[in-house]
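> sequence first, then the predicted structure:
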Amino acid sequence: MGILFSFFAVIALIVIVFIGVKGAGLHYFFVVIIPYAAFLTFVIGVIYRVIKWGRIPVPFRIPTTAGQEKSFPWIKQNKIDNPSSSLGVIIRMAFEVLLFRSLFRNMRTELRDGPKLSYASTKWLWLGGLAFHWTFFIILTRHLRLFFEPVPFFVEILESLDGFFQVGAPVLYVTDIIFLGAVTFLFLRRVIIPQVRYISLASDYFPIFLIFSIGLTGVLMRYFLKTDVVGIKQITMGLITFKPVVPEGIGIIFYIHLFLVSALFAYFPMSKLMHMAGVFLSPTRNLANNNREVMHVNPWNYPVKVHTYEEYEDDYREFMKQAGLPVEKE
Amino acid sequence: MAIQKPEELSKINYKPPKTAWFDTPTEIKKGFFCWGNKEKSLKAVGFPNIRQWSVADEDWKLPENWKEIFIEGLRERVNKYRSFRLFLDICVRCGACADKCHFFIGGGDPKNMPVLRAELLRSIYRKYCTTSGKIMGKIAGARDLNVNVLKELWYYAYQCTECRRCSLFCPYGIDTAEITILARELLNLLGLNIEWIAGPVANCYMTGNHMGLLPHTIMDIVNEFKESIYQVTGINVDPSYNRKGAEILFVHPSGEYFDPNGNITFLGYLMLFHELGLDITLSTYCSEGGNFGFFTSNEMAKRLHSKIYAEAKRLKVKWILGGECGHMWRVWHQYHNTWFGPIDFLEEPVSPITGTKFENAKSNKIVHITEFTADLIKHGKLNLDPSRNDNYIVTFHDSCNPARAMGLLEEPRYIIKNICNHFYEMPPQTIRENTFCCGSGSGLNASENMELRLRGALPRANALKHVNEKFGVNTLANICQIDRATLQTLVDYWVPGVAVRGVHEMVGNALVMKGEKERTTDLRGDPLPGKEGG
Ligand code: SF4
Ligand code: SF4
């Protein structure tokens, strides 16, 4: 159900553009109002969510330790997977955020007759995830060309690296292919692996379809349908300099692309996509394992009712004396 | 209940049912759950909704306004624990954690996939605490809370041993144990506990230990222990209790007084302390290091453990040494300092024998016994004869908590390598941080849930079987009393012929004590290698 709902939700978004642009001629609305609104929603939403998380206390220091603790100088500590210093935590987080360290650990469990369990390293999800996120990031960065005049040097470098293979004209970007491939992979594993399909919700399929459609419209625009690049740059420069313009004759495909991107931006703060910001706040990853060395303060720590020694002795004094145990009160 | 044979039990179907999980009603199956708590156990500590109830009954006798209590409790907790809210918010359902849980691997129930276990509560959170869930309902993955949902939550919250294996593999570190811990806390607001946890909690609150051992009973038991040590070694050890002015307070799990398998580990400690001439005391008031309160609520956990520092203060010791126990160390390591700190009435721990400063424990002042012993061995302070353990072909089971909440991995291994000659590791995917739970942790070590426990122990047992067949391993060493008390039954079922042993039991065997008689048996009274004829 989730899958169909999400599919039609994305189709509906596309239909809205057709009706809005072709039917009602709402060019300004789709090119100016929606992108501004979406971007604003994104920024405010993300900040709101992060502040909301950030204001909730971290009562306990609960890192998941994934290697040897710091103990004696003669026992080698795993300073990254079980960090005891801030530097260690920073490196651990960098590995997690940039290289998906935890997913790299992934293994597949198999049960054979016997019974015999075996665990094979499986890097597919790690690879797919990494490919998806990194190419997404690179493609986003490439888009900076549309918002700067002159185009920043790092964008130029990135583009020339990306287009290294020099296939066809316009130059084929490797990231475009990997990106679409990775999204497809992430979708397929979701529907093919029975357990993953079982846990999937509409909110898992929807971003996949949305992002895939964004990629697809982007690719169509770049390689297959003639689009007015100069006109598009006028729009983007207009948006960023707050002097919006709506040039004539830009193909509908651009409107669709832009609208879907806007939808993604607006949807972002209220969805699981917030994992991008959330991962930085995860207490099992971003805390040092130095619990016994440095005290961690819980702001809402409160006194609790206990059974004191005095009460204990009152309860059992005779037994204690009988057993020869010292007592405070005779 | 008759349990099927291992060959039958290990035929596991991992295919989820055709119907979506929220449309698939949960059947509360015998063999998978523990009996509900008794009235008197709740009463002893003042837990809410004190009444007699039974899991098997249709009516769980919930308070009139149970739904408000639950939702109010949920709202309160998502604003008190960043971990909780974040973990409810950011799961992307990638499934990396799905096949990492021993209960899923051994049972195939999809609701035992960590992600789905969390979704059971997450769906309620969405409904009552998020805007999208309120508006979009089911399509946003939200569902109404009703009695059946509540029962389902109870059933699966008590099918998680809070081992944190799932959290290791999650790209965001989502710790389903954290979710389970808080789910249990919410269930406790409604008096929905299990007796196997609530009973020990009540005992521990009153008598200082889970077993409910009274002071004189402890002393009787210790006298018997002294006698056993004398029998084997000819040496009179003389442990002291409740003694003021000792240098060190020793705290250990009370199961070691009670469980015949754990007893022997305790003998090992006593022999070690005697041999070193440590100025150390135990206490009947804090005769428990374990903390079943941790399996009910944060507050209860704190209520039970306050006695440890209180007693250290009363007895004016300098620092605390802790025995072999798993969850006890999770609580001591990750919670103590925060609950009770700053611990300024004790001193930074220093080994009186080697002079080593335990830098990593300088704030909360509690040292793990394997840290203490490893340091002794490193400095050549112990006279050890590993050949006395030659009958043991040993492997080491990392208990979840020391492994994934501390990273205490090398210390016990270093000891083992010095006290026995035959040591083999299980496959790397099943040890150290990857270790598999015994299947009975977090208070699930009852007998009525035996099928669950056997299934949960399958991954651990299977790795054990591997080294049993390959190297002839016959001993599973560990540093956890729950392991010693529960794993033996499970290992007997899956890998007959392997014994479960505490590390300090083997230390006791190998320890050559000053003035001891020629030993002919180990601490269990079994002949030492080469002494079988006698
Ligand atoms: S690994 Fe983490 S993000 Fe993935 S399904 Fe499990 S809990 Fe969710
Ligand atoms: S904490 Fe352990 S028992 Fe609980 S869901 Fe995770 S892997 Fe399973």
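Done, it's in. Residues are numbered from 1 along each chain as shown, chains lettered A, B, ... in the order given. Ligands and ions are numbered 1, 2, ... in the order given.

> tell me the confidence at residue B:534?
pLDDT for residue B:534: 57.

> do residue A:149 as well
pLDDT, read off for residue A:149, is 87.

> what's it in contact with, if anything?
residue A:237 (CB atoms under 8 Å, 6 or more residues apart in numbering or on different chains). (Each C-beta comes from the backbone N, C-alpha and C, glycine too.)

> cutoff 10 Å now
Neighbour list for residue A:149: A:233, A:237, A:240-241 [criterion: CB atoms under 10 Å, 6 or more residues apart in numbering or on different chains].

> for it, give me phi and psi.
With angles defined as degrees, to the nearest 10, residue A:149 sits at phi -140, psi 110.

> tell me how far the residue in the stretch 1-150 of chain B positioned nearest to ligand 2 lies from residue B:495.
As assessed by CB to the nearest ligand atom, ligand 2 sits closest to residue B:101 within the stretch 1-150 of chain B, at 3.1 Å. Distance of residue B:101 to residue B:495, computed by CB to CB, to the nearest Å: 21 Å.

> who's in contact with the closest residue to residue A:289 other than its chain neighbours?
Distances taken as CB to CB, 6 or more residues apart in numbering or on different chains place residue A:63 nearest to residue A:289, at 4.8 Å, with adjacent residues excluded. When contacts are counted by CB under 10 Å, 6+ apart, residue A:63 touches A:81-84, A:89, A:92, A:282-291, B:167, B:173, B:175, B:334, B:404-407.

> wait, a strand at residue A:63?
No - Residue A:63 is assigned coil when assessed by DSSP: H, G, I helix; E, B strand; the rest coil, not a strand.

> any idea how far it lies from residue B:477?
As judged by CB to CB, residue A:63 and residue B:477 stand 26 Å apart.

> next SSE after the lengthiest helix in chain B?
Across chain B, the helix with the greatest residue count (assigned by DSSP state H) is helix B:450-471. Downstream of helix B:450-471, the next assigned helix or strand under DSSP states H and E is strand B:475-478.

> run through the stretch 401-534 of chain B and note the low-pLDDT ranges.
The stretch 401-534 of chain B contains residues with pLDDT under 70 at B:534.

> interface residues of it facing ligand 2?
Contact residues (CB under 6 Å from any ligand atom) of the stretch 401-534 of chain B with ligand 2: residue B:437.

> what about the helices in the stretch 401-534 of chain B?
In the stretch 401-534 of chain B, the segments counted as helices under DSSP state H, counting those that start in this stretch are B:410-419, B:450-471, B:481-494, B:503-510.

> dump the residue contacts of the residue of the stretch 1-150 of chain B closest to ligand 2.
Applying CB under 10 Å, 6+ apart to residue B:101 gives the contacts A:109, B:107, B:109, B:112-117, B:159-161, B:163, B:165-166, B:176, B:436-437, B:456, B:459.

> so for stretch B:19-36, mean pLDDT?
95.

> err, stretch A:277-285, not the other one
Stretch A:277-285 comes out at a mean pLDDT of 97.

> that one and ligand 1 in contact?
No - using CB under 6 Å from any ligand atom, stretch A:277-285 stays clear of ligand 1, with a minimum separation of 9.8 Å.

> and that stretch, what's buried?
For stretch A:277-285, a neighbour-count test (16 or more other CB atoms under 10 Å in any protein chain shown) marks A:277-279, A:281-285 as buried.

> what sits against the closest residue to ligand 2 within the stretch 401-534 of chain B?
Closest to ligand 2 within the stretch 401-534 of chain B is residue B:437: 5.9 Å, counting by CB to the nearest ligand atom. For residue B:437, the contacting residues are B:101-103, B:160-165, B:326, B:397, B:399-401, B:404, B:444, B:456-457, B:459-460, B:482-483, by CB under 10 Å, 6+ apart.

> which stretch of helix or strand covers residue A:238?
Per DSSP H and E: residue A:238 is located in helix A:229-240.

> packing partners for that helix?
helix A:34-55, helix A:252-267 (3 or more CB pairs under 10 Å, 6 or more residues apart in numbering or on different chains; DSSP states H and E).

> got a list of what the residue nearest to residue B:312 when sequence neighbours are not counted touches?
Closest residue to residue B:312 apart from its sequence neighbours, by CB to CB, 6+ apart: residue B:249 at 4.9 Å. If you count contacts by CB under 10 Å, 6+ apart, residue B:249 has them with B:243, B:280-283, B:286, B:308-309, B:311-322, B:346, B:365-366.

> need the helices of the stretch 401-534 of chain B in TSV (columns: mean neighbour count and distance to chain A).
Formatted as TSV, those follow (neighbours: other CB atoms under 10 Å in any protein chain shown; distance: least, CB to the nearest CB, whole Å):
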stretch	mean neighbour count	distance to chain A
helix B:410-419	23	5
helix B:450-471	23	4
helix B:481-494	23	9
helix B:503-510	27	16
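
> would you mind giving the helices and strands packed on helix A:229-240 as CSV with distance to ligand 2, mean pLDDT and mean neighbour count added?
Listed next are those as CSV, based on distance: least, CB to the nearest ligand atom, whole Å; pLDDT from 0 to 100; neighbours: other CB atoms under 10 Å in any protein chain shown:
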stretch, distance to ligand 2, mean pLDDT, mean neighbour count
helix A:34-55, 22, 97, 15
helix A:252-267, 29, 97, 21
